[in-house]
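Asker: Turn this into a structure:
(chains A and B)
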Number of protein chains: 2
Amino acid sequence: MTEVFADIITIGDELLIGQVVDTNSAYIASELTKIGVTVRRIISIADQATSITNTLDESIHQSDITIITGGLGPTGDDITKQSLATYFGGGLILHPETLKEIEQFFTKRGAKMTDRNRKQAEIPDMCTPLRNRIGTAPGLLFRKDNRTIIALPGVPFEMKALILEDVVPVILSNFNLPVKLSITILTAGLSESMTADLLEEWESNLPSEYTFAYLPSIGILRLRLSISGKNEDNLKRQLKYEANKLVQILGKKHVFGFDDDTLPSVIGNKLKNINCTLSVAESCTGGYIAHQITSIPGSSAYFMGSATTYANSAKSQLLQVSDEDIVSQGAVSKKVVEQMAIGAQQLFGSDFSVATSGIAGPDGGTDEKPVGTTWIAVTTPHRIISQLFFFGDSRERNIIRASVTALNMLRISIDEYSKK
Amino acid sequence: MTEVFADIITIGDELLIGQVVDTNSAYIASELTKIGVTVRRIISIADQATSITNTLDESIHQSDITIITGGLGPTGDDITKQSLATYFGGGLILHPETLKEIEQFFTKRGAKMTDRNRKQAEIPDMCTPLRNRIGTAPGLLFRKDNRTIIALPGVPFEMKALILEDVVPVILSNFNLPVKLSITILTAGLSESMTADLLEEWESNLPSEYTFAYLPSIGILRLRLSISGKNEDNLKRQLKYEANKLVQILGKKHVFGFDDDTLPSVIGNKLKNINCTLSVAESCTGGYIAHQITSIPGSSAYFMGSATTYANSAKSQLLQVSDEDIVSQGAVSKKVVEQMAIGAQQLFGSDFSVATSGIAGPDGGTDEKPVGTTWIAVTTPHRIISQLFFFGDSRERNIIRASVTALNMLRISIDEYSKK
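Answerer: Here you go, the predicted model:
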């Protein structure tokens, strides 16, 4: 069993002028990785015959599998099919079964079929067509010198259906693949370099069948641990063993979930489990926390609402924050943020509440309270916790970091409350 | 003046296993395209020394410019810097000025600098560092055989700042590029195919020195018109002339701005001009409108606050919506959304207010009010306007489309009010 390599080639001028982000490649790469194929390169090129054939030729010489998307459509700039036919030394022929399928596609939708659509049944004479059940351009499967080459339409949902229904089964039957498993550990409140220091010893002792990657984003660091080998059950056990070690080193204060979890989804599940509700009071985060929470389907089961109180008058009128404290302590202060949290808890009649007050910037900073200064408070049915943070200079980043930090404080507080 | 070609190379295992979508390349491609550089290929490869040097070598032989992102971080899997030093036949040296900048970065944040961070001041001895003003990894500029090679950190906001502040100026000074001017016309409430129909005649008569592109995103369609040639003043005049035609065809109800404008920035400027304030009442949009408005620096000058009233009890208690109307008409109704807007206007004492109530999905739809059904209301000091919309099936898209539509209704209402 040797490693099986794949290249992904996406074709389209719109990718090279930055008009469209190539999301197809990540999808294909993820599906190939799942079945143990190693993706060697992802290449985006123009709708241009020589680019297509040169890149394909290079790929066939280096990788076992080449997946191509784009340029199979019915318009003038779609030249992938002709380029492939030329490269493999043949021509286009009308494929009767594909024509029948395209005719049925239009009949079923009560739409009129044009000559342009009819041409989509023309395929290179040395390929096997892969049936497109939800569109008109079929996938094209070529074999050459023990290599597998597959061209797919670029429309994401058509491409995805073909990957799952045809491409993956073809690859599984053509190659003897190793098993590869991954787990992603999600952390909040840890920087990449802090974490690397914490994990230095663990990482240096990690056996060679593992790979480990740091995936940082604002306020959140994802850590991906992968293993490959032969026996799936053994690999699962080994992966779990090392992942548990990681969680122990990093601590539950920082580790909030795994794989596709998000802070708002984890919080939502915890609140549903203990049948509790939540409200939010935001100043510097300006609605972003509420937006994160309400991005989760079904959040209306536990989310009562939020007050974004930008003006001081709104803080006092809606949330009963003392005008005196706003004047004496400033809006960005422990006293004010705690009153905001309690005010929201009472206003919305919720069990938990989280509040933020900070200076997002770029204006409003002082020597004593520079841009980035942020107070966060969480109330539970039993107690109130508040903490001061200093984030950075960027308004956009401060809003996101304050929101992530507030959600993580809330998550920890829900856990503490549940244990009582 | 010959065509200048660039390759973009993004480095990171996370791209090849499909865990992360490469959005950096589209950004870089778009900025290079703007200044008249032709992007030949975008290539994603693994954090692996031979991959990096082979791909770079191939690129240098074919393109004038190579932009590399990723693998400049402080952890073990970041090997770009060492690979570049080896490729260019040198080693890493400690760069005193960069070290000083990194030290200042940590001092300013009151954070502790580790040995790992100090290592980020080590750069290949044959490169010029490009100062990273918002992070710790500097960009690296190499020149070889008339080629320009630039390595940038993969963190998007650091990469973006370096592209604008260093990479674009370096390229403009190293190459003799054609003059290329662009204007982007921003529209809300128009679909791509509707717009294509409206513009069919105009587009078919567009002289060949222009290029025109549709850039759709959720609820917003940007139209980029570009022209290239030699005389900048003439090009400017020509571009303005065609852009004006476009605005006339599409109408001011749909065209909300140009280039870097956003709906919240346009609204903010209008409110500041007439010295008026704004509040928001959100149900289905869950805080996203408030977040959009508060993303604008200085929004505290006109934004009073918002109430996200997810629970019906919050609608009646905070916004004085009639419980009877909620029961008889449903929370997603003209009566309720208008009361929400008026309630927010009174609660926050603002001049304008905008409110949303809809079924974001995936649950909560009925035959009469399917998922996507959304009421939006805007109050001005003089009147109230409300409208019913049917968006789609996706929760994420419904939240964004409802927010964009609400902001566009608000923009039109402010214009109407200002004219009185």
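
Asker: Return the distance of stretch A:193-208 from the chain's centre.
Answerer: Between the mean C-alpha location of stretch A:193-208 and the chain-wide mean there is a distance of 25 Å, by C-alpha atoms, centre = their mean, to the nearest Å.

Asker: just the CA coordinates of that stretch, formatted as PDB?
Answerer: Output of stretch A:193-208 as PDB, limited to C-alpha atoms (Å, rounded to 0.1, in the frame of the first residue of the first chain):
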ATOM      1  CA  SER A 193       2.900  30.800  20.300                       C
ATOM      2  CA  MET A 194       1.600  30.200  23.900                       C
ATOM      3  CA  THR A 195       0.100  27.000  22.700                       C
ATOM      4  CA  ALA A 196       3.200  25.900  20.900                       C
ATOM      5  CA  ASP A 197       5.100  26.400  24.100                       C
ATOM      6  CA  LEU A 198       2.600  24.400  26.200                       C
ATOM      7  CA  LEU A 199       2.700  21.600  23.600                       C
ATOM      8  CA  GLU A 200       6.400  21.600  22.900                       C
ATOM      9  CA  GLU A 201       7.200  18.400  24.800                       C
ATOM     10  CA  TRP A 202       4.000  16.600  23.700                       C
ATOM     11  CA  GLU A 203       4.700  17.500  20.100                       C
ATOM     12  CA  SER A 204       8.300  16.400  20.200                       C
ATOM     13  CA  ASN A 205       7.200  13.000  21.500                       C
ATOM     14  CA  LEU A 206       4.400  12.500  18.900                       C
ATOM     15  CA  PRO A 207       5.000   9.300  17.000                       C
ATOM     16  CA  SER A 208       5.700   9.700  13.300                       C
END
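
Asker: got the contact list for that stretch?
Answerer: Contact with stretch A:193-208 is made by A:187, A:190, A:212, A:214, A:221, A:223, A:242, A:245-246, A:249-250, B:74-76, B:114, B:116-117, as judged by C-beta atoms under 8 Å, 6 or more residues apart in numbering or on different chains. All C-beta spots, glycine's among them, are computed from the backbone N, C-alpha and C.

Asker: Kindly report the same for stretch A:247-260.
Answerer: A:183-190, A:195, A:198-199, A:202, A:243, A:246, A:263, A:265-266, A:408, A:411-412, A:415.

Asker: mind redoing it with 10 Å?
Answerer: Contact with stretch A:247-260 is made by A:182-190, A:194-195, A:198-199, A:201-202, A:220-224, A:243, A:246, A:262-263, A:265-267, A:269, A:404, A:407-409, A:411-412, A:415, as judged by C-beta atoms under 10 Å, 6 or more residues apart in numbering or on different chains.

Asker: could you flag which of the contacts of stretch A:193-208 are buried?
Answerer: Neighbour-count burial (16 or more other C-beta atoms under 10 Å in any protein chain shown) applied to the contacts of stretch A:193-208 gives A:187, A:190, A:212, A:214, A:221, A:223, A:242, A:246, A:250, B:74-76, B:116-117.

Asker: okay, and the helix or strand of chain A with the least pLDDT?
Answerer: Using mean pLDDT, DSSP states H and E, helix A:115-118 stands out as the lowest-scoring helix or strand of chain A, at a mean of 80.

Asker: list the helices and strands the helix or strand just after that helix packs on?
Answerer: Remark: after helix A:115-118, the chain's next helix or strand is strand A:122-124, criterion DSSP states H and E. If contacts are counted by 3 or more C-beta pairs under 10 Å, 6 or more residues apart in numbering or on different chains; DSSP states H and E, strand A:122-124 sits against helix A:80-87, strand A:92-94, helix A:96-108, strand A:139-144.

Asker: From the chain's centroid, how far away is strand A:122-124?
Answerer: When distances are taken as C-alpha atoms, centre = their mean, strand A:122-124 is centred 36 Å away from the chain's centroid.

Asker: which other residues reach it?
Answerer: So strand A:122-124 is in contact with A:72, A:81-95, A:98-99, A:129, A:137-140, A:142, A:151, going by C-beta under 10 Å, 6+ apart.

Asker: Helices - which of the contacts of stretch A:193-208 land there?
Answerer: Using DSSP state H, A:242, A:245-246, A:249-250, B:116-117 are the members of these that sit in helices.

Asker: between the residues you listed, which is nearest residue A:396?
Answerer: Closest to residue A:396 out of these is residue B:117 (23.4 Å), distances taken as C-beta to C-beta.

Asker: so the closest one makes contact with residue B:111?
Answerer: Yes: the criterion here is C-beta atoms under 10 Å, and residue B:117 meets it with residue B:111 at 9.2 Å.

Asker: what do these two both touch?
Answerer: A:191, A:193, B:105.

Asker: Narrow the residues you listed to those that are buried.
Answerer: Buried by 16+ other C-beta under 10 Å: A:193, B:105, out of the shared contacts of residue B:117 and residue B:111.
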